[in-house]
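J.: Model the following, please.
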Amino acid sequence: MYTTTIFPVTSHTTHVGPGSTFVAVQGYKEDGIRYIPQAIAQGAKKIVVQSDAIIPAEILELIKTRTIILERVDNARKALALLSAQAAGYPAQKLNIIGITGTKGKTSTCFILEHILRAAGKKTALLGTVKNSINGIEPLILSSEAYRRGNLTTPQPDYLHQFFKLCVEQEVEYVVMEVAAQALTLHRVEGIQFAGVIFTNFGQEHAEFYATLDDYFNAKCIIFKQIASNSICLINEDDEKGRQILQQNPQFQEFSLNGDVPFEWIRQAHHERLLNSVRPEPVEGSQEFRNESAHCCVHFQDNFYQFFCPALIGNFNNYNLLASVRMALELGIEPAAIEHSLQTFTGVPGRLEMYKLANGALGIIDYAHNPSSFQAVLSTLRGMTEQLIVVFGCGGDRDATKRPLMGALAAEYADLVVLTSDNPRSEDPATIIEQIYSGISKHAHEHVWHELDREKAIQQAYKHAKSGSIIALLGKGPDEYQQIGAVKYPFSEKAILKEL
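T.: Numbering: from 1, shown residues only. Below you'll find the predicted structure:
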């Protein structure tokens, strides 16, 4: 079900077949020009290149002798998006696409909102960092190594429009998708009109791609140029950049945890909800780790509503919950249906996943990989235990400026920090660790260990833990691999925790 392997328009030879159009994109690591002969050998009948692209004489001769159409365009990335949409029959125009953007919270907000809509009886699709699904089923095109290899928050447009086409065929009404800043800068979502947008927050990230934070922020704001006339735009008013967006776009709607809900109403609703609710434990038999479930108060159409989600904890998840609930209400979902759906929500893969360990400690896996996410996650976990152990590294070939900041935050909140390897890619993992370590004050050094082997680092943390401790494994989240150089090796933190 939901299977396709050959795309009518594509930028990757894995999906070239008889009659395909191959768009030779000049990427940051690979130049699509060098793959033109392979695309032609696989049956491509049209080649699209950037107007200023230099094509070697032998490739030009091949194009001529095989009577291949050669088209030059001003922007190959835009052309890839627009031609992909055209070849698929413009499926995005037949869908209500809700885009979630921001530095953190995109994945969780997508999962919560999609669950609410599907539980309310809507046919939905999900597109994001962790998985892509249609009506709860992952389409087989995800098995393509070409598209797994990039692990893109927002897929390339050739894949994207084939996914949308499948959505239309399956009568999907709402597509909830993460929209990364790079996806906007690199035109992956070019031509898509969003029926709704949520802006979660803004913080330091992607200095490896954007020269300044302003460049990064401006990239995220491109999404507001791609909204439908009747779109619903929800902006986090508690975020400094969110307030800037609202000032510049007064027609947008805000959401806030510091809104105008009367305190007495909150106190009474909270009291009544506690008296009349039974909340499941996040981990069976782990009462000592219980923390307040994510909750929010919403003022909507002259009424006040209180919502709880037992599977989520932490103030940052209060924001993700609030944004999701507000969008669902704006889309016409009844409050009672939303409340019911939240009781069946089981959480987000790789986001505060909890595992009770044999020694009585709690292992937590989370994708936090930037300073703002560290602040949010570690401040939550600090209040849940008397001993917090943090195991983390930083990904290679990514923003290096955040590494010392993350080291400082880990040392501030944790009783023990074990610095280790993440996905070093082409960088030396020892160098990455030294950059993290440089942000840690000298008085905290005695509480910071180094262990390059991530599995051994986790085992060291476990040996030092006791009943009631929390071991937080940060950075990799749902990943089931570790990338060293260009190779991805099987690596599962879940499996390691289950063996402890």
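J.: isn't Glu190 right next to Ala79, touching?
T.: No: at 9.1 Å, Glu190 and Ala79 do not qualify as touching, with contact defined as Cβ atoms under 8 Å. Bear in mind the C-beta positions are built from the backbone N, C-alpha and C, glycine included.
J.: what about the two, which has more around it?
T.: Ala79 (24 against 20; other Cβ atoms under 10 Å).
J.: what's the nearest residue to the more buried one once chain neighbours are set aside in contact with, if anything?
T.: Spatial nearest neighbour of Ala79, excluding adjacent residues (Cβ to Cβ, 6 or more residues apart in numbering): Val73 at 4.3 Å. Val73 makes contact with 48-51, 79 under the criterion Cβ atoms under 8 Å, 6 or more residues apart in numbering.
J.: Where does pLDDT dip in the protein?
T.: 1-4, 140-151, 260-292 (pLDDT under 70).
J.: Correct me if wrong: Gly477 contacts Gly350.
T.: Yes: applying Cβ under 8 Å, one finds Gly477 in contact with Gly350, separated by 2.9 Å.
J.: coming back round to it: which of the contacts of Val73 lies closest to Leu126?
T.: Ranked by distance to Leu126 (Cβ to Cβ), the contacts of Val73 are led by Ala79 at 27.5 Å.
J.: Wasn't that closest one part of a strand?
T.: No: with DSSP: H, G, I helix; E, B strand; the rest coil as the criterion, Ala79 is located in helix rather than a strand.
J.: what residues are shared contacts of Gly477 and Gly350?
T.: In contact with both Gly477 and Gly350: 130, 365-367, using Cβ under 8 Å, 6+ apart.
J.: Mark out where each domain of the chain begins and ends.
T.: 9-76, 91-343, 353-499 (automatic domain parsing).
J.: you'd agree Ala414 is up against Gln387?
T.: No: in this structure, Ala414 is not within contact of Gln387 by Cβ under 8 Å, at 9.0 Å.
J.: Now do the end-to-end distance for stretch 458-471.
T.: For stretch 458-471, the first-to-last residue distance is 8 Å (Cα to Cα, to the nearest Å).
J.: Mind listing what's buried along that stretch?
T.: For stretch 458-471, the neighbour count (16 or more other Cβ atoms under 10 Å) marks 458-462, 464-465, 468-471 as buried.
J.: Check stretch 157-171 too.
T.: Neighbour-count burial for stretch 157-171 flags 157-168, 170 (criterion: 16+ other Cβ under 10 Å).
J.: wait, which of the residues you listed is closest to Val9?
T.: When the buried residues of stretch 157-171 are compared against Val9 (criterion: Cβ to Cβ), the nearest one is Asp158, at 5.7 Å.
J.: So which of the buried residues of stretch 157-171 sit within helices?
T.: 157-168 (DSSP state H).
J.: More neighbours: which of Ala414 and Gln387?
T.: The residue with more neighbours, out of Ala414 and Gln387 and counting by other Cβ under 10 Å, is Ala414; that gives 23 against 16.
J.: What distance do you get for the more buried one to Ala465?
T.: From Ala414 across to Ala465, the span is 12 Å (Cβ to Cβ, to the nearest Å).
J.: Now do the shared contacts for the two.
T.: Counting by Cβ under 8 Å, 6+ apart, the contacts common to Ala414 and Ala465 are Ile389.
J.: Chain neighbours aside, what residue packs nearest to Ala328?
T.: The shortest distance from Ala328 to any non-neighbouring residue, by Cβ to Cβ, 6+ apart, is to Ile116 (4.6 Å).
J.: you'd agree that neighbour is up against Ile338?
T.: Yes: counting by Cβ under 8 Å, Ile116 touches Ile338, with 5.6 Å between them.
J.: In three-state terms, how would Ala328 be classified?
T.: helix.
J.: just Thr401 next, same as before
T.: coil.
J.: Tell me which residues touch it, please.
T.: 204, 207.
J.: Enumerate the helices of the stretch 401-500 of the chain by residue range, in sequence order.
T.: For the stretch 401-500 of the chain, the helices defined by DSSP state H, counting those that start in this stretch cover 403-413, 429-437, 454-464, 493-499.
J.: in the chain, what residue sits furthest out from the centroid?
T.: Thr65 (45.1 Å; Cα atoms, centre = their mean).
J.: ok, that one to Glu58 distance?
T.: With Cβ to Cβ as the criterion, Thr65 and Glu58 are 11 Å apart.
J.: What of Ile313?
T.: The value you get for Ile313 to Glu58, if Cβ to Cβ is used, is 60 Å.
J.: Over to Phe224?
T.: Phe224 is 45 Å from Glu58, where distance means Cβ to Cβ.
J.: Looking at the two, which has the bigger crowd around it?
T.: A count of neighbours by other Cβ under 10 Å puts Phe224 above the other of Phe224 and Glu58, at 20 against 9.
J.: close enough to count as contact, that one and Gln193?
T.: No: counting by Cβ under 8 Å, Phe224 sits too far from Gln193 to count as a contact (11.8 Å).
J.: okay, now the residue lying closest to Ile192 once chain neighbours are set aside: neighbour count?
T.: Leaving aside its sequence neighbours, Ile192 sits nearest to Ala92 (Cβ to Cβ, 6+ apart; 4.9 Å). Ala92: 23 surrounding residues under other Cβ under 10 Å.
J.: Now Ala92, what are its backbone angles?
T.: Main-chain dihedrals, Ala92, degrees, to the nearest 10: phi -60, psi -30.
J.: Ok, Ile100 next?
T.: phi -110, psi 120.
J.: OK, contacts around it?
T.: By Cβ under 8 Å, 6+ apart, Ile100 lies in contact with 106, 109-110, 113, 176-179, 197-198, 200, 323.
J.: Include distance to Leu213, neighbour count and secondary structure when you put those into CSV, please.
T.: Output for the contacts of Ile100, formatted as CSV (distance: Cβ to Cβ, whole Å; neighbours: other Cβ atoms under 10 Å; DSSP: H, G, I helix; E, B strand; the rest coil):
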residue, distance to Leu213, neighbour count, secondary structure
Lys106, 18, 24, helix
Thr109, 22, 29, helix
Cys110, 24, 26, helix
Leu113, 27, 28, helix
Val176, 27, 28, strand
Met177, 24, 27, strand
Glu178, 20, 22, strand
Val179, 18, 29, coil
Val197, 21, 23, strand
Ile198, 21, 28, strand
Thr200, 16, 23, coil
Ala323, 22, 26, helix
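J.: I'd like to know which of the residues you listed is nearest to Tyr489.
T.: Glu178 (26.0 Å).
J.: Thanks again, I'm all set now.
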